[in-house]
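1. Need the 3D shape of this:
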Amino acid sequence: SVLVQTFRDFEIVLVDNNATPETREVAQSFAKSHSTIIRLIHEPRQGAASARNAGIRNSRGTFIATFDGDDIMKPERLERQLEAIRDRPDITLVSCHHHMMSDDGQLLQKTLPELSYGPKEDREFKSIVKQLFEPFDFSYQDSFDLFSGSFLFFKKEDAFKVGLFDMRQNPYGKEDWLFSMRMFEVGKFVLIPEPLQCFRYATAEMNRHKIKEKHTAKKLLQEQKLVGVLWERYGVPFPQNRKIFHQLTAHLLRDFGLSLMRLSRGKEVGRIFFKRALRQDLSNIDSWKYYIKSWAPPALHPRLFFFDKERDAKPDYDSAFAQAYLKWPPTIPPFED
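-> Purely as a prediction, here's the structure:
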């Protein structure tokens, strides 16, 4: 789909981030048959941030368009995004609406924007972190959004100004949202209100895996690292943002508590998260509701906590881990280059 763009003056930097032999073979075939356009590079350090940074560093152009291998570009995507940012020094990041398609290529849903779309917890996260920019007093504050990594279009020089993608978020963990926030410090965002890409929705098996992964210690520690990175940039220099970080911490604790209520042996730890969320932000009604509901008979939990069937499982950590997780103030993770 990239090869049939209406805008023709581009190169493709294809990043092999430890792909399977089958995927590497396909990539090598494309690079060989389109050698004047496609360059295949290998980035051994596993992670979305590392892969995107390798692509940016090895690019030769002025502008960068990010793209994931399982999605489909509409033919006019590059042309439309370039029109939006060319000769506009005030704009740093351009994204677009998109269609959702199934793993077999069937269209599922049309014209999906960014900030207004997504699970409730994602929309709440975005609305909280948007407040972190109030001390900057930007004239373009209303253009804020957190864009998915597959739809981005930006100037290469601006990406270097903000330090590229933060590799502390490897292997994955909202590295695209963190990059969006850093780019917002440099200039205005534009969301093109037309679908210029098809985003491949995860298969049912992948979704089941995501649900299982959501409440693991690995996932929690990744989110804790994200909060530490945000605290380093938007908390320590701006004491007035302290209340917002309490809200953000409460949001994450509440979200993880919800994911644990679907586990037959995770409810006690889930209740700990709800209680800790209340300590961070006593004014949040959802935290109070979920904490009170957590004492209801387990038979009522599917209806009260929005899941279909309870899983006979337990988290891979104990209550001591739950009590220590997301300590205050947030811990700043060491920088990774």
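
2. quick one: the residue of the chain positioned farthest from its centre and residue 243, what's the gap?
-> Of all residues in the chain, residue 297 has its C-alpha farthest from the mean position, at 34.7 Å, by C-alpha atoms, centre = their mean. From residue 297 across to residue 243, the span is 36 Å (C-beta to C-beta, to the nearest Å). Where C-beta positions appear, they are placed from N, C-alpha and C, glycine not excepted.

3. what does residue 63 give?
-> From residue 63 to residue 243 the distance is 38 Å (C-beta to C-beta).

4. just residue 230 next, same as before
-> Distance from residue 230 to residue 243, by C-beta to C-beta: 14 Å.

5. The two - which one has more neighbours?
-> The residue with more neighbours, out of residue 230 and residue 243, is residue 230; 22 against 11, by other C-beta atoms under 10 Å.

6. tell me the pLDDT at that one?
-> Predicted confidence (pLDDT) for residue 230: 97.

7. so it is in which element?
-> Residue 230 belongs to helix 217-230 when assigned by DSSP states H and E.

8. For that helix, name the packing helices and strands.
-> Where contact means 3 or more C-beta pairs under 8 Å, 6 or more residues apart in numbering; DSSP states H and E, helix 217-230 is packed against helix 175-184, helix 242-260.

9. tell me the angle the first one makes with helix 217-230.
-> Per axes from the mean of the first three to the mean of the last three C-alpha atoms, to 10 degrees, the angle that helix 175-184 makes with helix 217-230 is 0 degrees.

10. Give me the contacts around helix 175-184.
-> 47-49, 52, 92-93, 126, 129, 132-133, 138, 144-149, 152, 154, 158-159, 162-166, 169, 189, 226, 229-230, 233-234 (C-beta atoms under 8 Å, 6 or more residues apart in numbering).

11. Out of these, which end up buried?
-> 47-49, 52, 92-93, 126, 129, 132-133, 144-149, 152, 154, 158-159, 162, 164-166, 169, 189, 226, 229-230, 233-234 (16 or more other C-beta atoms under 10 Å).

12. picking up where we left off before, what separates the residue farthest from the centre of the chain from residue 308, distance-wise?
-> For residue 297 relative to residue 308 (C-beta to C-beta), the value is 18 Å.

13. Any buried residues in stretch 189-203, and which?
-> 189, 190, 191, 192, 195, 196, 197, 198, 199, 200, 201.

14. Kindly give the local confidence score, pLDDT, for residue 335.
-> The per-residue pLDDT of residue 335 was computed as 81.

15. Just give me the neighbour total for residue 232.
-> Close neighbours of residue 232, defined as other C-beta under 10 Å, add up to 16.

16. how close does residue 328 get to residue 173?
-> In this view, residue 328 and residue 173 are 20 Å apart by C-beta to C-beta.

17. who has more neighbours, these two?
-> residue 173 (23 against 13).

18. ok, now which ones touch that one?
-> Counted by C-beta under 8 Å, 6+ apart, residue 173 has contacts 222, 223, 225, 226.

19. what does residue 224 give?
-> Applying C-beta under 8 Å, 6+ apart, the residues contacting residue 224 are 325, 326, 330, 331.

20. Please tell me I have it right and the second one contacts residue 251.
-> When you say that, I think you mean residue 326. No: Residue 326 is beyond contact range of residue 251, at 10.6 Å (criterion: C-beta atoms under 8 Å).

21. other SSEs contacting the lengthiest strand in the chain?
-> The residue-count maximum for a strand in the chain (DSSP state E) belongs to strand 188-200. Counting contacts by 3+ C-beta pairs under 8 Å, 6+ apart, strand 188-200 packs against strand 72-73, helix 77-85, strand 91-101, strand 107-112.
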